[in-house]
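In: Please work out how this folds:
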Amino acid sequence: MTKLFRRRLLKFLTYAMIVFCAYIIQTTPGLFDFFGIQPILVLPACICIAVYEGEFAGGLFGFFFGLFCDSTSETIFGFNSLLFLVFCVFAGLATIYLFRRSTMNIMLLCLGAIFLRSALEYFFGFILFGYENLVPFFYTRLGPQVVLTSLFSFPFCLLFRWLHGKFEPETTKV
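Out: As a prediction, the model looks like this:
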């Protein structure tokens, strides 16, 4: 095993442990529970990985940890994994070809992704089945969840930027 391979393996194992801890925190009842609303912590973590490590690694993390989120969410199985995969691949490609890796851009990517996820969950989970009086549900449940999740994207951005800098070999640092 080369030194570079060991460093990358340790880096991705560290990333996986952080995202798994975020998943545990996200699914623990009562932890980070603000008036009955819990943030989705896995999505900003996976988007930060996609931004710093590229679309392939981010897509893999998004897909596999989306499966974890599917196992505990009230949506159809595969909903989160497919969306997380698409969002992470887009975030990775967008930072390569369109945006800089700034904290504000990462937070905006996370905000857009969580808003789109909530809007799709609202449409496919409630509107499509013809439930009535759903506007208060969006404003009292999904809207605050979007805001709360986007607030947690800032610490994840700082953490993954620091980790990426620590694990990057000296020869590839710019």
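In: Please, where are all the strands along the chain?
Out: Here the chain has no strands by DSSP state E.
In: Pass me the low-pLDDT residue ranges in it, would you?
Out: Along the chain, the parts satisfying pLDDT under 70 run over 169-174.
In: Closest to the centroid, which residue in it?
Out: Nearest to the mean C-alpha position of the chain, counting by CA atoms, centre = their mean, stands Leu43 at 1.5 Å.
In: Report whether the expected contact of that residue with Phe84 is present.
Out: Yes. Counting by CB atoms under 8 Å, Leu43 does reach Phe84; the two are 6.2 Å apart. Using the backbone N, CA and C atoms, a C-beta is placed for each residue, glycine as well.
In: residues bridging contact with the two, i.e. touching both?
Out: Gly62 (CB atoms under 8 Å, 6 or more residues apart in numbering).
In: quick one: Cys69 and Thr95, what's the gap?
Out: 23 Å (CB to CB, to the nearest Å).
In: cool, and Cys48?
Out: In terms of CB to CB, Cys48 sits 10 Å off from Thr95.
In: And for Asp70?
Out: Distance from Asp70 to Thr95, by CB to CB: 26 Å.
In: likewise Gln38?
Out: 28 Å.
In: quick one, which of these two is more surrounded?
Out: Thr95 (22 against 18; other CB atoms under 10 Å).
In: mind listing what the nearest residue to that one once chain neighbours are set aside touches?
Out: Using CB to CB, 6 or more residues apart in numbering and skipping residues adjacent in sequence, the residue nearest Thr95 is Val51, 4.8 Å away. Residues in contact with Val51 (CB under 8 Å, 6+ apart) are 58, 91-92, 95, 101, 106, 109, 160.
In: could you redo the residues you listed as a markdown table and give each row distance to Val19?
Out: Shown next, in a markdown table, are these (distance: CB to CB, whole Å):
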| residue | distance to Val19 |
| --- | --- |
| Gly58 | 11 |
| Ala91 | 14 |
| Gly92 | 15 |
| Thr95 | 18 |
| Arg101 | 19 |
| Ile106 | 15 |
| Leu109 | 16 |
| Phe160 | 10 |
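In: correct me, but Ile49 touches Phe63?
Out: No. At 11.9 Å, Ile49 does not count as touching Phe63 under the criterion of CB under 8 Å.
In: what's the overlap in contacts for these two?
Out: Common neighbours of Ile49 and Phe63 (CB under 8 Å, 6+ apart) are Cys88.
In: And the two? Which one has more around it.
Out: Taking neighbours as other CB under 10 Å, Ile49 and Phe63 compare with Ile49 leading, 29 against 20.
In: Among the contacts of Val51, pick out the one closest to Thr149, please.
Out: Leu109 (12.4 Å; CB to CB).
In: how many neighbours does the residue nearest to the closest one when sequence neighbours are not counted have?
Out: Nearest residue to Leu109, sequence neighbours excluded (CB to CB, 6+ apart): Ala91, at 4.9 Å. As a burial measure, Ala91 scores 27 neighbours (other CB under 10 Å).
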